[in-house]
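In: Sharing a sequence plus its predicted fold:
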Amino acid sequence: MSARKIVFTSGKGGVGKTTTTVNVGAALAKRGQRVILVDADIGLRNLDLVLGLEKRIVFDLVEVVEGRCQLRQALIKDKRFESLSILPAAQTRDKDAVTEEQMAHVMDELAGMCDYVLIDCPAGIEGGFRNAIAGASEAVVVTTPEVSAIRDADRVIGKLGERKLPMRLIVNRIRPDMVRSGDMLSVEDVCEILSAELLGIVPDDEEIIDTTNKGEPVVLGETNRLRGIYDKIARRLEGELVEFTNLDNTGFLGRLFGALKAG
Amino acid sequence: MHELKPEFASTPAPAKLGRAIVITSGKGGVGKTTTTANLGTALAKRGASVVLVDADVGLRNLDIVMGLESRVKHHVLDVLEEKATLDEALVRDKHSQKLNLLAAAQTREKDDVDTEKMRLLIESLRERFDYVLIDCPAGIEMGFKNAVVGAQEAIVVCTPEVSAVRDVDRVVGLLGNAFSPQLIINRVRPQLVKKGKMLSVDDVNSILRLPLLGVIADEPDVIVSTNKGEPLALRTDTATAAAYHAIAARIAGEDVPAPTVEYKESFVSKLGAFFGGRR
Amino acid sequence: MIEFLNKLFGRQNSGATAKERLRLVLMSDHLSLAPEMIEAMKRDLVDVISRYVEVDREKIDVHFEQENNGLAMLANIPITGVNRDGGNGSGGNKAEETPDTRDEHRAEEVEAPQPAAGQRRRKRRKGGQHHGGASQTGSPAPAT
């Protein structure tokens, strides 16, 4: 049975696509899934860096496409996990170094080797984005509760709709204190504005910066509360109905805060 | 090359051409648009005439950050394709007579922009305004190329995170010798730097080695300001506003004094705003 | 509670402002993203009006304008006479159609986009708005 091919996209840059892809992938791997992460950001690669695997890159996606190496040679296995590998992007090439067909072909090949192919999409809606979604069968849209991010997410959702890709939403960097004081849109607001199904809510957490600096996915840490959150997202992806914040109006903020506190 | 210049480009040559500065970063979400909006606001407050150009075709946000989204009638592509005049497309800011916005098209693609025409447009804007600030989209594809054409100066915005630093480095390489980019380090969290959990200003700059134009601390006020569409530089009471005003002063050539705190690992700020010296 | 008090005292917190602004901006974005839908809406509008009065189809202007408190659709439809043939679904008085206008109507019919088979309107969208390009018209083609 072929793997699920999920692209993580957003439109707006800097909302946490790469961090999310890495941590969701790591959480799935920890749960025993065989996961391959793909960096589709040719020219601005970062997936390797966030995982701390940058020194082990030998071959990249473009070289695979150009036939200069086998696919397996380009995959880098993360030794901290049973079954987590990455396919890095090229750093010194352009996004037009690969076509949509080539991307789709490589993703299909990867899908024959694992349970989940998670594709880290570049920012924007240009060629890099089109290539990244060409290889996917479903999408996760990552947004923050900020005006520009939501507007861009809306545009991306439209583009995904054109390709008939099913999608779900992760709201990243939510700050419950600011939501409570009315200075930030709530998760419910975001879902309503975007008419999207929620996959996960991730609170803003300083620890993330530290983990990306060190190249250590959150799930490897012992005490980080984000670990539980990414685990929940992984479980929902697997199809489990995991309780998270109720999206009612009554007591919504209180429950959200309580749920987030509990991790 | 066209023999006849497009309509928007035929203006009489003024005494002095304005400065066209592209604000770029490679990585998205580091604060390019916020910086463009605030720098424009600060420069206009100093009396300069400013036009902000949103080069993010298809994902425009400069209009909404400026609070001008309901006033946009025409956009850059309308002007380039001569479906509207420049005057019809320019949106006057709500707060300053001297500040104008040229919005991006929302429903088109970046590939639709003719690079040469974009260059001519920026040139004609230089003839009308003291400052042309171009908000560059994330990435290094066509959008980036079209944002850069026509600019003579570049400001690169970076946050103290490994991915951002890496992307800026790449972008500086792509900008090449035509530009001497200056650096703004955005979203610094002094407490985290102190704990050693965030790169310091010094760390960032020892890698990038660029003239430092300014350092801005992370403030929740930024979120509130984009919610409302009111750039922080309109205020005088926040550290972020002060930082942008100082950066504007530096851009204008003023000698803004360096602060007493040095940029080390133990960098802690009460103000949250620092200004670097040119190297 | 805080939001309630703010509203009571006339202060709206920025989160609520953001939500309102986003709603309007996205509506505007969606409308400009679906030109075929707008064209279909214009044709329907003109057809309905044509049942009661004769209109100059060439000089019709229908467009959307941003206003401070929302989006407005403005239609300028020049009326050339009263339609004595009331209740007839097609526009204009047929007996007075010149060859030119007949061709124009035919051309309009030919250009009407047909929705692709199997397309569904996105169920989750409120207010019947929809996204994306030409392939996503969910409503049946308007009768022209």
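Out: Thanks, I have the structure now.

In: Poorly predicted segments of chain B, please.
Out: B:1-5, B:7, B:9-15, B:257-279 (pLDDT under 70).

In: For the stretch 101-250 of chain A, which segments are assigned as helices?
Out: For the stretch 101-250 of chain A, the helices defined by DSSP state H, counting those that start in this stretch cover A:127-134, A:147-162, A:176-180, A:187-194, A:207-214, A:226-238.

In: What is the longest one packed up against?
Out: In terms of contacts (3 or more C-beta pairs under 8 Å, 6 or more residues apart in numbering or on different chains; DSSP states H and E), helix A:147-162 is packed against helix A:127-134, strand A:138-143, strand A:167-174, helix A:187-194, helix B:62-65, helix B:221-228, helix C:14-33. The C-beta positions use only the backbone N, C-alpha and C, and glycine is treated the same way.

In: can you put the ones you listed in JSON lines and add distance to residue A:225?
Out: Shown next, in JSON lines, are the helices and strands packed on helix A:147-162 (distance: least, C-beta to C-beta, whole Å):
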{"stretch": "helix A:127-134", "distance to residue A:225": "30"}
{"stretch": "strand A:138-143", "distance to residue A:225": "19"}
{"stretch": "strand A:167-174", "distance to residue A:225": "13"}
{"stretch": "helix A:187-194", "distance to residue A:225": "17"}
{"stretch": "helix B:62-65", "distance to residue A:225": "32"}
{"stretch": "helix B:221-228", "distance to residue A:225": "22"}
{"stretch": "helix C:14-33", "distance to residue A:225": "24"}
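
In: So which of these is nearest residue B:76?
Out: When those are compared by C-beta to C-beta, helix B:62-65 sits nearest residue B:76, at 10.8 Å.

In: Contacts for the closest one next, please.
Out: A:147-148, A:151, B:33-34, B:36-37, B:52, B:54, B:56, B:69, B:72, B:91, B:101, B:103-104, B:135, B:226, B:229, B:231, C:21, C:25 (C-beta atoms under 8 Å, 6 or more residues apart in numbering or on different chains).

In: cool, stretch A:101-117 as well?
Out: A:2-6, A:25, A:28, A:33-36, A:38, A:40, A:61, A:64-65, A:71, A:83, A:85, A:87, A:119, A:131-132, A:134-136, A:237.

In: Which positions in that stretch come out as buried?
Out: A:102-107, A:110-111, A:114-117 (16 or more other C-beta atoms under 10 Å in any protein chain shown).

In: any idea which of those residues is the one closest to residue A:161?
Out: Closest to residue A:161, out of all of those and judged by C-beta to C-beta, is residue A:104, at 18.8 Å.

In: hmm, stretch A:118-136 touching chain B?
Out: Yes. Stretch A:118-136 comes into contact with chain B (C-beta under 8 Å from any C-beta of the partner chain), by way of A:122-128.

In: now the end-to-end length of that stretch.
Out: 9 Å (C-alpha to C-alpha, to the nearest Å).

In: do the same with stretch B:225-243
Out: For stretch B:225-243, by C-alpha to C-alpha, the gap between its terminal residues amounts to 15 Å.

In: Indicate which one of the helices of the stretch 101-250 of chain A is closest to residue B:186.
Out: Nearest of the helices of the stretch 101-250 of chain A (C-beta to C-beta): helix A:207-214, 13.6 Å.

In: Quick check: mean pLDDT of that closest one?
Out: Helix A:207-214 shows a mean pLDDT of 84.

In: Alongside chain A, which residues does chain B contribute?
Out: Checking chain B against chain A by C-beta under 8 Å from any C-beta, the hits are B:26-30, B:33, B:58-59, B:61, B:64-65, B:106, B:109-111, B:137-143, B:161-163, B:166-167, B:170, B:189, B:192, B:197-199, B:220, B:223-224, B:226-227.

In: Just the buried ones from those residues?
Out: B:26-30, B:33, B:58-59, B:61, B:64-65, B:106, B:110, B:137-143, B:161-163, B:166-167, B:170, B:189, B:192, B:197-199, B:223-224, B:226-227.

In: what helix or strand does residue A:28 sit in?
Out: Following DSSP states H and E, one finds residue A:28 within helix A:17-30.

In: so what secondary structure elements neighbour that helix?
Out: Partner elements for helix A:17-30 (3+ C-beta pairs under 8 Å, 6+ apart): strand A:4-9, strand A:35-39, helix A:47-51, strand A:84-87, strand A:116-120, strand A:138-143, helix A:226-238.

In: Kindly recompute the last result at 6 Å.
Out: strand A:4-9, strand A:35-39, helix A:47-51, strand A:116-120, helix A:226-238 (3 or more C-beta pairs under 6 Å, 6 or more residues apart in numbering or on different chains; DSSP states H and E).

In: Please report how far the nearest residue to residue B:198 once chain neighbours are set aside lies from chain C.
Out: Once flanking residues are discounted, residue B:198 sits nearest to residue B:192: 3.8 Å by C-beta to C-beta, 6 or more residues apart in numbering or on different chains. To chain C, residue B:192 is 25 Å away according to C-beta to the nearest C-beta, to the nearest Å.

In: hmm, stretch B:210-228 touching chain C?
Out: Yes. Counting by C-beta under 6 Å from any C-beta of the partner chain, contacts between stretch B:210-228 and chain C involve B:224, B:227-228.

In: can you tell me which of those lies nearest to residue A:92?
Out: Using C-beta to C-beta, residue B:227 comes nearest to residue A:92 of the residues of stretch B:210-228 next to chain C, at 39.5 Å.

In: mind listing what the closest one touches?
Out: Taking C-beta atoms under 6 Å, 6 or more residues apart in numbering or on different chains as the contact definition, residue B:227 lies against C:14, C:17-18.

In: Scan these and report the most crowded one.
Out: residue C:18 (27 neighbours; other C-beta atoms under 10 Å in any protein chain shown).

In: where does the chain have low pLDDT?
Out: Chain wasn't specified; assuming chain A. Checking chain A against pLDDT under 70 turns up A:1, A:223, A:245-263.

In: The chain in question should be chain C.
Out: Short version for chain C, where the test is pLDDT under 70: C:1-12, C:33-35, C:66-70, C:84-144.

In: Helices along chain B, start to end?
Out: B:32-45, B:62-65, B:76-80, B:86-89, B:115-128, B:142-148, B:162-175, B:190-194, B:201-208, B:221-228, B:239-251 (DSSP state H).

In: Remind me what the third one packs against, helices and strands.
Out: What that stands for is helix B:76-80. Using 3+ C-beta pairs under 6 Å, 6+ apart as the test, helix B:76-80 ends up in contact with helix B:86-89.

In: Look up how far residue C:19 lies from the residue in chain C that chain A sits nearest to.
Out: Here the residue of chain C nearest chain A is residue C:13; by C-beta to the nearest C-beta that distance is 3.1 Å. Look at residue C:13 and residue C:19: by C-beta to C-beta, to the nearest Å, they are 10 Å apart.
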